[in-house]
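Peer 1: Give the three-dimensional model of this entry:
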Amino acid sequence: MTASGDELRLRAAAVEWILTDVDGVLTDGRLYFGPDGEAWKSFHVRDGLGMKLAQRAGLKVGIISARGSAPLDARARELSLDALLTHREDKGAAFAEFLEAHRVEARRVAYAGDDLVDLPILTHCGLSFAPADAAPEVRARVDLTLSARAGGGVVREMVEWLLRARGEWDRALESFLR
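Peer 2: All right, here's what the predicted structure looks like:
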């Protein structure tokens, strides 16, 4: 997708929700299993702070993932996420369910995804983002490809971009500069 900077800033101003995929965005995309078959996940602390910054700015934050795991559930609780939809292989249907449940228009949602299963959301949300190492077909269709790689602070970079585009970044920084 190609949009002008002004158009992207207008779309950023309309965003009420930030949603993200997990594997390949919040994690590096690799699947780790312990000796008893339990899932292990590694999350970047900057993504957590990014989500909290978004919430402090009045945005709601959630996850839509094809997979689910105890570590993801724990991280979502820790961050007090506003929505968590897991085990949703059909991301288009999950997004439609999310929109209806939260009574929000697709144009008011920013989403970060990395692979083909994310395209139904990425091509219908208000503002779409991908990590630097996302699938080429995804990078070709999103509004912004970020410099962060999967698991390396993708959501933090996305939130910073959104808050800067909305003119809210300086206010977000203030609490850390006191």
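
Peer 1: hey, let's count contacts and neighbours off CA atoms from now on
Peer 2: OK.

Peer 1: Just the buried positions in the host helix or strand of Val155, please.
Peer 2: Using DSSP states H and E, Val155 sits in helix 154-165. Residues of helix 154-165 classed as buried: 154-165 (neighbour count, 16 or more other Cα atoms under 10 Å).

Peer 1: which among those residues gets closest to Glu97?
Peer 2: When the buried residues of helix 154-165 are compared for distance to Glu97 (Cα to Cα), Val155 wins out at 22.4 Å.

Peer 1: contacting residues for that closest one?
Peer 2: 20, 25-26, 47, 50-51, 112 (Cα atoms under 8 Å, 6 or more residues apart in numbering).

Peer 1: any idea of the pLDDT on it?
Peer 2: Looking at Val155, its pLDDT stands at 97.

Peer 1: Dump the C-alpha coordinates for the helix or strand just after the helix holding Val155 into PDB.
Peer 2: Using DSSP H and E, the next helix or strand after helix 154-165 towards the C-terminus is helix 169-174. Backbone C-alpha positions of helix 169-174 (Å, rounded to 0.1, in the frame of the first residue of the first chain) are rendered in PDB as follows:
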ATOM      1  CA  TRP A 169       4.700  11.400  21.900                       C
ATOM      2  CA  ASP A 170       6.100  14.300  24.000                       C
ATOM      3  CA  ARG A 171       3.300  13.900  26.500                       C
ATOM      4  CA  ALA A 172       4.100  10.100  26.700                       C
ATOM      5  CA  LEU A 173       7.700  10.900  27.500                       C
ATOM      6  CA  GLU A 174       7.000  13.400  30.200                       C
END
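
Peer 1: Distance from the chain centre to helix 169-174, please.
Peer 2: The chain centre lies 20 Å from the centre of helix 169-174; the measure is Cα atoms, centre = their mean, to the nearest Å.
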